[in-house]
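Colleague: Fold the stuff below for me.
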Amino acid sequence: MSEPVPITINVNGRKRSAMVEPRLLLVHFLRESLNLTGTHVGCDTSQCGACTVLLDGSSAKSCTVFAVQADGSEVQTIEGLADGDELHPLQDGFWEEHGLQCGYCTPGMIMSAVNLLEENPAPSEAEIREGISGNLCRCTGYQHIVNAIQHAAERMAQS
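Modeller: Numbers count the residues shown, from 1 in each chain. Now for the predicted structure:
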């Protein structure tokens, strides 16, 4: 086993330092070391997107990144989206448009959508579907997720 190494990652606006095994995945660092369990482990093969977070502003599947690779980076998880009691427009959109059923894919889906709307504030339905194509949902059939993202895009354009 390798010797632990020091890392410091800014997670949801807060510097977090730890000693980690070099092969510790970012998803496990977030869940087990920081107790940020909104980032889900779905497949461990980067196929489902349940572990998606924003890494330096871009969506990344945290099961494909070692925590040491994120040293010095900015990471945003689903826990960092809301502003106190005020939901992020995407969280509100998923609530208002019934964009979830079991909810397992929801955090990763929302984080991918955050990245999508930052890059394209007014995406078409086809662009939304492409933007979330790395995230799998086994329950909804995707239409309500697309509606939720459109709802958020409209709300964000108004503010």
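Colleague: contacting residues for H88?
Modeller: 81-82, 110, 114, 152 (CB atoms under 8 Å, 6 or more residues apart in numbering). Any C-beta I mention is one placed from the backbone N, CA and C, and that applies to glycine too.
Colleague: Return the distance of it relative to E118.
Modeller: H88 sits 12 Å away from E118, going by CB to CB, to the nearest Å.
Colleague: returning to what we had before: and which of the contacts of H88 is nearest to P4?
Modeller: L81 (30.3 Å; CB to CB).
Colleague: With adjacent residues omitted, what lies nearest to the closest one?
Modeller: The spatial neighbour of L81 that comes closest, neighbours along the chain excluded (CB to CB, 6 or more residues apart in numbering), is H88 at 4.0 Å.
Colleague: Likewise for R16?
Modeller: I9 (5.5 Å).
Colleague: Can you read off the pLDDT for the one you found?
Modeller: You'll see I9 listed with a pLDDT of 98.
Colleague: Hmm, it is touching L30, no?
Modeller: No: judged on CB atoms under 8 Å, I9 makes no contact with L30 at a distance of 9.1 Å.
Colleague: Now the common contact residues for these two.
Modeller: V75.
Colleague: need the helices for the chain, in chain order.
Modeller: All helices of the chain, identified by DSSP state H, fall at 26-28, 89-96, 106-119, 125-131, 143-158.
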